[in-house]
Structure formats: C-alpha cells, structure tokens
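Q: got a predicted model here, sequence first, then my questions.
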Amino acid sequence: MGLILAISSFVHYKKLGRTRTGVYWAIGCIATCLLAMNGIMKVADAMDEHMKKEAFELLDERYEDRGDPNNESYKNLELVVNPEKIRSFTAYNFYVANFNKKYTYKGKIQITIRNKKDKKIFTHVTKSITIKPGEKKEIKNANYETWHPNYSWRWLGELKE
C-alpha cells in the first residue's frame with residue numbers, strides 16, 4: 001500500500017514539474033505505512049503478552065488451591081485453556097506449568113473441550129512436550145468453529161527425575 005501511494009504521489013508531482021516534492025511525498029508515504037504496520041504489530045504482541053501473563057497468574061492460583069508442595073506428583077502439574085474468539089473460529093490457547101521441584105514431565109496432554117451443559121464437544125491431544133521443574137510455557141493451540149467455556153484434561157506421560 002505504501003509503495004502504491006509512493007509511486008502515485010511521485011508520478012503526480014513529476015507531471016506538475018515538482019520532482020523533488022514528489023520524492024518527499026513518496027518517502028513520507030512509505031514511512032507512514034511502515035510506522036502504521038509496526039504499530040499494529042506492537043499492539044498485537046502486547047495483547048498476546050498480556051494474555052500469557054494472565055494465564056501464568058491463573059496457573060499460580062490453581063497450584064495454590066490444588067497443588068501438593070510436599071510431594072513430587074501430578075498434582076503439581078497445571079493447565080489453563082484460554083479460548084480466544086476470532087471472527088469465524090475460536091483459538092484455544094494452552095498454557096502449562098510444572099510446579100515440581102525435581103521431576104520433569106514428558107508426554108502429551110489430552111484436553112477435552114466441553115459446553116455449558118458439560119457435554120464433550122471435541123478432544124485435542126497435544127504433541128509430545130517436556131516441562132522442566134518450575135517451568136511455565138505456552139503450547140500449540142487448537143482451533144474450533146465455536147466458543148465453549150469448560151474443559152478438562154488428562155496427562156498422558158510420566159514424571160521423571
């Protein structure tokens with residue numbers, strides 16, 4: 001778009017015999033479009049970081065409620081699913097944390113998305129992942145055509161020291 005505007009303005013001012021002004025307008029058009037696109041990308045990145053920060057805070061809260069800090073166990077593994085409605089589909093973002101102090105989790109996670117009446121809508125199994133002790137991370141998301149609020153999960157792997 002910036003290139004089209006730049007060429008158009010240059011050609012317009014060149015016809016008027018003001019080539020130098022056309023060059024300035026062309027450079028201004030390209031710079032303005034680049035700044036606008038970078039601004040949009042920065043806002044999108046900031047929104048993603050905010051969503052990730054909120055998910056990590058929720059992981060901490062759930063660990064405080066359900067975790068077992070005295071033992072190394074599956075109770076110290078947490079998962080949060082954050083559905084994000086996008087025009088024609090919903091992206092289900094998955095965030096995981098390992099609150100164990102010594103044990104690493106290696107395996108897959110089976111996530112079942114449920115509707116408000118707790119009826120199973122679809123099941124997603126992640127690719128094999130490794131979560132080190134104390135690590136929190138975002139894993140690949142799943143897309144589905146509609147938004148549903150509830151979910152359950154099951155760990156399909158093992159904890160190893």
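A: Cool, the structure landed.
Q: every contact and neighbour count from this point should use C-alpha atoms.
A: Fine.
Q: tell me how this protein divides into domains.
A: What automatic domain parsing lists as the domains of the chain is 1-66, 72-160.
Q: how distant is the shortest one from the center of its chain?
A: Relative to the mean C-alpha coordinate of its chain, domain 1-66 is positioned 20 Å out (Cα atoms, centre = their mean, to the nearest Å).
Q: which residues in this protein form helices?
A: Ranges of helices within the chain are 2-15, 19-66, based on DSSP state H.
Q: what is the mean pLDDT for the last one?
A: I take that to be helix 19-66. Here helix 19-66 scores 87 as its mean pLDDT.
Q: could you give the angle of it to helix 2-15?
A: Angle of helix 19-66 versus helix 2-15, following axes from the mean of the first three to the mean of the last three Cα atoms, to 10 degrees, is 160 degrees.
Q: packing partners of helix 19-66?
A: Packing contacts for helix 19-66, counted by 3 or more Cα pairs under 8 Å, 6 or more residues apart in numbering; DSSP states H and E, involve helix 2-15, strand 77-86, strand 89-98.
Q: redo that, cut-off 7 Å
A: helix 2-15, strand 77-86 (3 or more Cα pairs under 7 Å, 6 or more residues apart in numbering; DSSP states H and E).
Q: for residue 2, which residues are in contact?
A: Shown in contact with residue 2 (Cα atoms under 7 Å, 6 or more residues apart in numbering): 29, 30, 33.
Q: looking at the helices of the chain, which is nearest to residue 139?
A: Across the helices of the chain, residue 139 has its closest neighbour in helix 19-66 (11.0 Å, Cα to Cα).
Q: what angle separates that closest one from strand 89-98?
A: Angle of helix 19-66 versus strand 89-98, following the same axes, to 10 degrees, is 50 degrees.
Q: nearest residue to residue 94 in space, ignoring adjacent ones along the chain?
A: Spatial nearest neighbour of residue 94, excluding adjacent residues (Cα to Cα, 6 or more residues apart in numbering): residue 81 at 4.8 Å.
Q: wait, the one you found sits on residue 90?
A: No - between residue 81 and residue 90 there is no contact under Cα atoms under 7 Å: 11.8 Å.
Q: residue 138: neighbouring residues, count only.
A: By the criterion of other Cα atoms under 10 Å, residue 138 has 16 neighbours.
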